[in-house]
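[1] Starting from these lines, generate the structure:
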Amino acid sequence: MVDVTLWAGLRPLADDQKTLRIEATTIRELLRKLEAQYPALAGPIRNQIAVVVDGVIYRDDWSATIPEGAEVFLMRRLAGG
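    Numbers count the residues shown, from 1 in each chain. Prediction:
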């Protein structure tokens, strides 16, 4: 199980919760379970997020593993150049 902290813009889509407890071992599994449990998160998850696991930012590598007890945040993906 991991606790996932949501950025403020996602909270209304997840019953106004700041932190969600999800059982997942990869980022892909985490995102799929979040979409299944909170369907309103599907759009933002597909287009607007980066996942931070123990301080490492993942933008597209959804196969990365999530260690038990990791610190996980869903954050707005930042565009840059």
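[2] CA atoms only for the helix or strand where R21 lies - export them in PDB, please.
    According to DSSP states H and E, R21 maps onto strand 19-22. Output of strand 19-22 as PDB, limited to C-alpha atoms (Å, rounded to 0.1, in the frame of the first residue of the first chain):
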ATOM      1  CA  THR A  19      -4.300  11.600   0.300                       C
ATOM      2  CA  LEU A  20      -5.500   8.300  -1.100                       C
ATOM      3  CA  ARG A  21      -4.300   4.800   0.000                       C
ATOM      4  CA  ILE A  22      -3.800   2.500  -3.000                       C
END
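[3] What are the contacting residues of that strand?
    Identification of contacts with strand 19-22 by Cβ atoms under 8 Å, 6 or more residues apart in numbering yields 1-6, 14, 30, 33-34, 37-38. The C-beta positions use only the backbone N, C-alpha and C, and glycine is treated the same way.
[4] mind running it again at 7 Å?
    The contact list for strand 19-22, computed with Cβ atoms under 7 Å, 6 or more residues apart in numbering, reads 1-6, 14, 30, 33-34.
[5] Report the strands that pair with that strand, each with its relative direction.
    strand 2-6 (antiparallel) (DSSP bridges).
[6] Tell me the gap between the lengthiest helix in the chain and the middle of its chain.
    For the chain, the helix that runs over the most residues, judged by DSSP state H, is helix 27-37. Remark: helix 27-37 is offset 8 Å from the chain centroid, using Cα atoms, centre = their mean, to the nearest Å.
[7] ok, and for the helix or strand just after that helix, which residues are buried?
    Sequence order places helix 42-47 as the next helix or strand after helix 27-37, per DSSP H and E. Of all the residues in helix 42-47, those buried under the rule 16 or more other Cβ atoms under 10 Å are 44-45.
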